[in-house]
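[1] coords please:
(chains A, B, C and D)
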Amino acid sequence: MTLRDEPAASTAPRADVADSRGPDAPTLSTISRSTYLKEAALKNLFLVCAFVAVAAVLLIFMFVGYRGWPIFAKTGLAAFLGGLQWQPTAEQPQFGILALIINSLIATLGGLALGAPLAVGTAVFLSEVATPRVREWVRPAVELLAGIPSVVYGLFGLLALRPIIAQASGGLGFGFATAWIVLAVMILPTIAAISEDALRSIPSGIREASYAMGATKWQTIWRVLLPAAKIGIIDAIILGMGRAIGETMAVVMVAGNAKVIPDGIFKPFLTLTTVIVIDMPYASGDHRTALFGVAIVLFLISMAFVAAIRVISRLGGEQS
Amino acid sequence: MSEKLAEHLAGAPSGSSQPDKFAVRKLEFYYGDFHALTDITVGIQRHAVTAFIGPSGCGKSTFLRTLNRMNDLIPGTRVEGSVMLDRQDVYAAGIDPVDLRRRVGMIFQQPNPFPMSIYENVAYGPKLHGVKKKADLDEVVEKSLQRANLWKEVKDILGRGGLTLSGGQQQRLCIARVLAVEPEVLLMDEPCSAIDPTSVQKVEDLMAELKDRITIVIVTHNMQQAARVSDYTAFFLQEKVNEAAELIEFDRTATLFTSPKDRRTEDYITGRFG
Amino acid sequence: MSGRRGVIDKRVTNAAALAVIWVCALTTVAFLGSLLLYVVINGIRELTPAFIFTWPHGVNMEGGIWPTIQSTIYVTVLAMVIVTPVAVLAAVYLAEYAVQGRLVRTIRFAADSLAAVPSIVMGLFGMALFVEGMGLQFSTLAGALALSFLMLPIVMRTTEEAIRAVPKYIRWGSYGLGASKWQTVSRIVLPAASPRILTGLLLAMGRAAGETAVVIYTMGTMIAAPVSPLDPGRTMPVHVMLMAMEGINLKAAYGTALLLVIMVLAFNLTARYIVRRNRRMQG
Amino acid sequence: MSPLRARAAARTALTLTLLGALMLSALALAGCRRGGEASTTQLRVQGSTTIQPIAEMAKEMYEEAHPGVTVLVAGVGSSAGIESVASGSSEIGTSSRDLKPAEAGLGLVDTPIAHDAIAVIVNPANPVSGLSKAQVAAIFEGRIKNWDEVGGPDLEIGIVNRDEASGTREAFSKIVLGGKPFDPTAAVLPGTGQVRFVVAQARGAIGYISVGFVDKTVKALSVDGVEPTEANITNKTYPISRLLHFLTKGEPEGLAKEFLAFVLSPAVQETVVREAGFLPMGGEPK
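    Down below sits the predicted model:
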């Protein structure tokens, strides 16, 4: 340790040193009114921008609701939601969307049943099984799958997949079977990406602890990692469901658009989203209002999914 | 104990005819509910290097950051007592922390050049404060880099990214960047802990040169460095976990290191704990 | 103890399960591969300069698809111009100014909800508000406004993440020089976050360029090359959809689809490239 | 320090002003309405997808002959076409069906421009080559479900219907089904080409499209023993046939009148209409 003999400059009188910042240094300035106003104005501007998101949701609800609610008033909510007959152009028009709701649910759940295991498997593969080299190729592939426009999935479904299904089933090729496959592929990247995030956020110490107790890779995945990532994976699946039930363009090309609950998975069907595409070009009057009513239902379903994710995440947060 | 220390500080070690640059009285500091610092009373000598030492987590960096109100940026912090800069309370109502920070510059442990060119890094401060003319900026940039002993190394590569420099050069770039706004005080928070030994030497030389015009406060965990560069040393200690840290001893560096008055200071500088 | 037999069972189960996981991943890749291959094989012959740069003509839209390309680019860029200031400043608020609380929770819930609104609903909303309510009729501006609602949550989220990823100590450096909050945000934080913000923007633009349901009800289906924001147009995805649904000129559907996929992938790949280059530059 | 401060304040003020200006201009843009008045250089033709081919080709030829004139053609379906011309958002509405009673009061003037016949099509592999009109109706109403009921193989019938926006569906429903409802379980496809495409690929399928779109991928059935040939259509022996219409709000005038005259001229009738698979009006009296 080398110590200096004397503190260098401190004790010497300093009055002789020319220094503008002596005791007469400028006083600390107070916050000027203009600075304060400026920063406050900016902060409020940003807040307004952030509030655009809130305003947007309210606007959507209000405008779609404004255009759609007269149909509830006219037919009654129960008849609208619970009616099986969608006969908007009949002489006695009927606006029951129950068949469409049921078809949407069947299409969504089937797509989910096919796509979710595949997606979670892919997520596990990416986070636990793949070597870095393989991962480097598979992950971008999954991400790109997410970027492909839904109309291209629809084109593929209509022109490539549907004829194959038609051959196999002897029917026209439209139906749940075709829609399930298309929807499964479409929701796969969403579910895979979020599940992978959930898996990768598990601290690696947990894996090592499991291996150290003699567990195989699969046991570690099945007993430790998947339970630990449960909340994230459930979120991912709900998000996937939301995407599937709201999907329009891909479904309209392979659904076949018959407004009944079909008596088989190779028979045409119409959903909440596709009825809008099919009917909008010629709908007028109550029919048009009813389509906005369908949009309200879709909007509320999607909000319910978001709320469900909130609740599940909060419950998960309390657990751990 | 602290009352005595305060009395002691009021008289000594100041042999200067000038008042302290900073005079801190009875400072208490809280992070939310956590009481981090208690009863700090100390005077920082003008045109000298003052070192804060102590084991890690003893609050010396926190204290340093109260001097230019950097802690304001952390939500939930609270200060009691007074911090006087040239006899003006920096925590008084209405004081602009932004202007304060221009006058009391700060260097951080991690060299933190902005992701822009060397030139733009140094010119950033002057531009903030309204210098616009290219010629003026050129002059400030050159002068500041020279004062930071970096000019020779970078004068031909001013357009290159600040992040392409070595760690030690980056730290000197940060010093040049601060010097460009001509601060009266330079707070250095462990400026040498993340850079290589040769660069440490350069930064230490720089401090000796700069203190003619600038008051320097340095936080260091390295006692040799404190002994080498500082004129005054303050020793901080948090005696128990979850208890507020306090200032144990403050004196001329030579005195503190050779004949500490407090048992705990002696234990620390002779390496018995910490 | 399960003994030797148990150990073997364990190994067999492990191998079988891992094989299943491999199959999942390979199936995923196979789907992507077959989809891309299908579009490429059917579309590549159509992709001639004449197809890209000339106008469609005749009964079944034979010839080129230039107006749809122009419409797509126009509406996407316009949507980006509309959404960027709002989304970026909103993200600045959330990342730099907001204090966690009810307000922030509300904003986040709204952004998540907005992201979850089905695009067909967004399309009807756009028609109700912009096309009919504001009297914009089917126009590029109406399409861009509706698309900007779609892009808002995406850009907000990626920008907020980008801003949060800027290290604290870089901000301190700026504050330590006497910069105000806005100076620090505008001159240090946003430039430092800009590569990742750009990435988010590109991803959102890719999404918008491929969107069908929103634009079909706001921009219309008329083949036109919009010049003024009030001109209508038919974007590429809408063209693909109409060609496929009409089913007469499938060649145009394939060609447009391939070009659309190339365009969207270009957005995605550029975004990935920017992230990667940026990561490398920052060490 | 204060001039510096002033400069900084000025800069911020500028930034804010610019931001404000941006928002204002966006609002201004949003506020101004598109002029919907008739133009001397632009003609909007909207309506039937069946007529789309004729309108498109005529548009190209007309634009070539009259530089500076733009004809915008959109196939949105007959009903939407009628609505658009009635509301003034197009100058000519095209329709492949007659006006409904409800539409009669809209002040629209109808000019027929071509004959169209609807062919009932099946897969080429289907041995059935002709049906009675009653059989066709029974199939599309869902009363006959298997080809063996009409002399074909034991094969489930897959009905391919058109969407309700389609003028073809409207005509088919009126002529063949007499207004009775279609089998609701039938597939509903929104395009002529898609119907043809699907029927071409599914063995048991049956659909209907304008004769103009029949090609060798599908087989057109004879109805009541009459083949859908040109002669049979123009002499009106083929039972499923109709006229195609151009509609204007009031008597056609200006650009709309010139365009209509052009469409009815032999230059279009003998080439475009034929190439599109329809039959010209010829010298037939209206």
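
[2] Could you double-check that D:Asn232 sits in contact with D:Val226?
    Yes - using Cβ atoms under 8 Å, D:Asn232 is in contact with D:Val226, at 5.3 Å. For glycine as for every other residue, the C-beta is placed from the backbone atoms N, C-alpha and C.

[3] Can you tell me the closest non-neighbouring residue to the closest residue to chain B within the stretch 51-200 of chain C?
    Across the stretch 51-200 of chain C, no residue is closer to chain B than C:Gly178, which sits at 2.5 Å (Cβ to the nearest Cβ). Leaving aside its chain neighbours, C:Gly178 sits nearest to B:Arg102 (2.5 Å; criterion: Cβ to Cβ, 6 or more residues apart in numbering or on different chains).

[4] after the helix or strand of chain D with the lowest mean pLDDT comes which helix or strand?
    One helix or strand of chain D scores below all others by mean pLDDT, DSSP states H and E: helix D:2-31, with a mean of 51. Next along the chain after helix D:2-31, taking DSSP states H and E as the criterion, comes strand D:42-47.

[5] Report all helices and strands that that following strand contacts.
    Judged by 3 or more Cβ pairs under 8 Å, 6 or more residues apart in numbering or on different chains; DSSP states H and E, the packing partners of strand D:42-47 are helix D:52-65, strand D:70-75, helix D:78-87, strand D:92-95, helix D:254-264.

[6] follow-up on the earlier one: which residues do D:Asn232 and D:Val226 both contact?
    With contacts taken as Cβ atoms under 8 Å, 6 or more residues apart in numbering or on different chains, D:Asn232 and D:Val226 have D:Tyr238 as neighbours in common.

[7] What separation is there between the residue most central in space within chain D and A:Thr271?
    By Cα atoms, centre = their mean, the mean C-alpha position of chain D lies nearest to D:Thr49, the distance being 1.7 Å. Applying Cβ to Cβ, to the nearest Å, the value for D:Thr49 to A:Thr271 is 23 Å.

[8] Could you do D:His115 as well?
    In this view, D:His115 and A:Thr271 are 38 Å apart by Cβ to Cβ.

[9] With A:Ala41 instead?
    For A:Ala41 relative to A:Thr271 (Cβ to Cβ), the value is 48 Å.

[10] which residues does the residue of the stretch 101-250 of chain D found nearest chain B contact?
    Closest contact between the stretch 101-250 of chain D and chain B, by Cβ to the nearest Cβ, is at D:Pro190 (52.7 Å). Taking Cβ under 8 Å, 6+ apart, we find D:Pro190 in contact with A:257, A:278, C:245-246, D:162-163, D:165-166.

[11] related to what we said a few turns ago, give me the more crowded residue out of A:Ala41 and A:Thr271.
    A:Thr271 (30 against 14; other Cβ atoms under 10 Å in any protein chain shown).

[12] Work out for me the element the closest residue to the more buried one other than its chain neighbours sits within.
    With sequence-adjacent residues excluded and distances taken as Cβ to Cβ, 6+ apart, A:Thr271 is closest to A:Ser104, at 4.2 Å. Assigned by DSSP H and E, A:Ser104 falls within helix A:98-124.

[13] got the angle between the next helix or strand after that helix and helix A:98-124?
    Remark: after helix A:98-124, the chain's next helix or strand is helix A:132-147, criterion DSSP H and E. Here helix A:132-147 runs at an angle of 160 degrees relative to helix A:98-124 (axes from the mean of the first three to the mean of the last three Cα atoms, to 10 degrees).

[14] Setting the sequence-adjacent residues aside, check what's closest to A:Phe176.
    Per Cβ to Cβ, 6+ apart, closest to A:Phe176 is A:Ile265, 4.2 Å.

[15] So the one you found belongs to a helix, correct?
    No - going by DSSP: H, G, I helix; E, B strand; the rest coil, the assignment for A:Ile265 is coil, not a helix.

[16] got a list of what it touches?
    A:110, A:175-177, A:180.

[17] rerun at 10 Å
    Residues near A:Ile265 by Cβ atoms under 10 Å, 6 or more residues apart in numbering or on different chains: A:106, A:110, A:165, A:169, A:171, A:175-180.

[18] How about B:Leu128?
    With Cβ under 10 Å, 6+ apart, B:Leu128 has these contacts: B:98, B:102, B:180-181, C:174, C:177-180, C:183-184, C:187, D:4, D:8.

[19] Kindly write the ChimeraX command that selects the buried subset of those.
    Buried members of those can be picked out in ChimeraX with the line below, counting by 16 or more other Cβ atoms under 10 Å in any protein chain shown:
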select /B:98,102,180,181 /C:174,177,178,179,180,183,184,187 /D:8
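
[20] Where is pLDDT lowest across the contacts of B:Leu128?
    Model confidence across these bottoms out at D:Leu4, which has 46.
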